[in-house]
Structure formats: C-alpha cells, structure tokens
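Asker: here is my input, please return the structure:
(one chain, ligands or ions: 1)
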Amino acid sequence: MNAPPATPAVAPAVALQQLSYTWPRATAPCLLIEDFVLAAGERVFLHGPSGSGKTTLLSLIGGVLDPQAGSVSVHGQVLGPLRGGRRDRFRADHIGFVFQLFNLIPYLSARDNILLPCRFSAARRARVAGAGTTPAAEVARLAARLDLDGALLERPAAELSVGQQQRVAAARALIGRPPLVIADEPTSALDADRQRGFLDLLLAECSAAAAALLFVSHDARLAERFDRRVALAEINRAGGVQR
Ligand SMILES: Nc1ncnc2c1ncn2[C@@H]1O[C@H](COP(=O)(O)OP(=O)(O)OP(=O)(O)O)[C@@H](O)[C@H]1O
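Answerer: Predicted coordinates:
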C-alpha cells in the first residue's frame with residue numbers, strides 16, 4: 001500500500017522555547033517561559049496584572065528585545081539569528097503591531113502612517129496586489145471600517161485624538177494582511193461602541209487573512225470572542241509582578 005501523502009506542516013505563528021528574559025539592572029527575571037505556542041490562525045486573549053510582563057513578552061515576539069536564553073520563532077523563523085535590516089524586514093512582512101502608545105509618526109498624515117508598512121514591505125504590497133486591490137484603496141477600506149473620515153486621513157497624526165490615533169494604528173497594523181497581529185491594549189482609548197467596532201474589524205481581518213492574533217487586554221469582557229484565554233502567570237514561571 002502506498003503511504004498517505006504527507007500533509008505539509010504549518011509552522012505555528014509563534015513558538016517560545018526555554019525563554020528567559022531579565023531587564024538590565026533587574027535582580028530577577030521578568031519572564032521564564034518553557035514552552036508556548038500560538039497556532040497559525042489562532043486568536044488568543046492574553047491577560048495578567050499590570051507589571052507582570054505582557055508588553056515585555058510582545059516585544060520579544062516582535063524581535064524588539066532579545067532573550068538572554070531560549071528561542072522565539074515566528075512562522076517557523078527563529079528570530080535570534082536575524083539581525084538588523086533582515087530582522088526589520090521580517091517583522092514588517094510578517095507582523096502587524098498595535099502598540100499601547102501607538103508609535104505613529106507625528107508629522108506624517110494619518111494616511112501616510114497607515115501606508116508605512118507597505119513602503120517597507122514588499123510582501124505586504126504583494127498581498128495587497130494579490131487581493132486585486134491597491135494600498136490607497138486598502139487605506140480607504142480600513143479607514144471606513146474604523147470610522148476615520150477622509151479629511152481626518154490628511155491630518156498629521158499629532159493632531160488626532162488618542163482614540164483616532166488608536167484606530168490609525170490599527171489600520172497600519174492590518175494593511176497588507178500580515179499573518180501575525182499583535183495588539184497591546186488596543187481598545188483602552190476607545191468608547192464602548194468603538195471598542196466593539198474595533199474588535200469586530202480586528203477579528204474579521206484576521207479571519208480573512210487566516211492571521212493569528214495575540215491580543216493583550218485588561219478587559220475580561222472581550223475574552224469570550226477569542227479561541228483561547230491565557231493568563232501570563234499560567235505560562236510564566238518567573239511569576240511575580242515586579243513593582
Ligand atoms: N524599558 C524597561 N527597562 C527596565 N524595566 C522595564 C522596562 N519596561 C518594563 N520593565 C519592567 O518589566 C516588568 C514588566 O513590565 P511590562 O511593561 O512588560 O508589564 P505589563 O504586564 O505589560 O504591564 P501593563 O499591564 O501595566 O502594561 C515591570 O517590572 C517593568 O518595570
């Protein structure tokens with residue numbers, strides 16, 4: 001009998017192994033994680049008390065920080081050996097971030113902020129083209145879904161309200177459909193209606209792109225919309241909140 005055809009293995013969106021991270025000058029590690037996997041396309045709600053290391057973990061997954069030991073892989077690529085420009089390109093191609101403090105470029109218009117990942121990433125441009133559309137049309141579509149009107153798109157990011165900046169940051173993360181979206185408290189500056197609309201869009205865009213979503217929030221009411229809820233303390237042996 002012939003052997004069944006091999007199914008191609010899909011690399012997890014994120015795999016952490018034997019990870020250890022200690023901040024400079026800290027006396028104890030912030031994170032000790034033996035094993036954590038975020039499957040491709042999986043949507044996880046990550047929570048934990050303030051100061052427990054959630055943002056630190058997202059920075060390690062984004063390759064902004066390097067662990068002292070262990071490894072971080074994103075879609076099968078171990079980040080450690082990627083350095084400088086290669087790491088920046090990998091991040092731009094594969095990861096959409098919505099940061100707690102947005103990190104928009106203040107003097108660029110909202111539109112140019114949203115377009116930035118397409119400038120940096122040929123993979124994002126290719127995915128936009130592959131969907132039969134253009135970056136400009138994607139900006140218009142995402143802005144409409146996020147209730148950002150045309151005049152607002154032309155204003156410098158520095159002149160936008162905090163809630164508007166948060167929505168611009170979301171559109172920037174999602175444009176060009178990265179296979180991993182990382183969101184750090186992305187709804188904290190939004191009112192209840194906009195929170196719902198924002199989460200609807202984030203989940204719909206991730207489903208359409210089969211993207212994995214790692215979503216950090218203190219708002220436990222949002223957890224039910226995710227495939228899995230993870231308390232950082234469940235996976236982090238370093239455990240304590242550092243004050
Ligand atoms: N740049 C830094 N330098 C040194 N220590 C840091 C730095 N950033 C964070 N820490 C420390 O790491 C620990 C975890 O911080 P982190 O921001 O990851 O927590 P968090 O769970 O995201 O908190 P919050 O919910 O308040 O955003 C804290 O003790 C914090 O003081």
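Asker: isn't there a helix covering residue 139?
Answerer: Yes: assessed with DSSP: H, G, I helix; E, B strand; the rest coil, residue 139 lies in a helix.
Asker: quick one: contacts for the residue nearest to it when sequence neighbours are not counted?
Answerer: Nearest residue to residue 139 in three dimensions, chain neighbours excluded: residue 114, at 5.0 Å (C-beta to C-beta, 6 or more residues apart in numbering). Heads up, the C-betas are built off the backbone N, CA and C, glycines and all. Neighbour list for residue 114: 139, 142-143, 153, 168, 171-172, 175 [criterion: C-beta atoms under 8 Å, 6 or more residues apart in numbering].
Asker: how far away is residue 143 from the ligand?
Answerer: Distance of residue 143 to the ligand, given as C-beta to the nearest ligand atom, to the nearest Å: 28 Å.
Asker: sticking with that residue, tell me its helix or strand.
Answerer: Applying DSSP states H and E as the criterion places residue 143 in helix 135-145.
Asker: would you mind listing the buried residues in the helix or strand following that helix?
Answerer: For helix 135-145, the succeeding helix or strand toward the C-terminus, using DSSP H and E, is helix 150-153. Within helix 150-153, the residues scored as buried using 16 or more other C-beta atoms under 10 Å are 152-153.
Asker: tell me what helix 150-153 is packed against?
Answerer: helix 110-120, helix 135-145 (3 or more C-beta pairs under 8 Å, 6 or more residues apart in numbering; DSSP states H and E).
Asker: may I see the ones you listed arranged in JSON lines, with distance to residue 89 as well?
Answerer: As requested, the helices and strands packed on helix 150-153 are exported to JSON lines (distance: least, C-beta to C-beta, whole Å):
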{"stretch": "helix 110-120", "distance to residue 89": "7"}
{"stretch": "helix 135-145", "distance to residue 89": "18"}
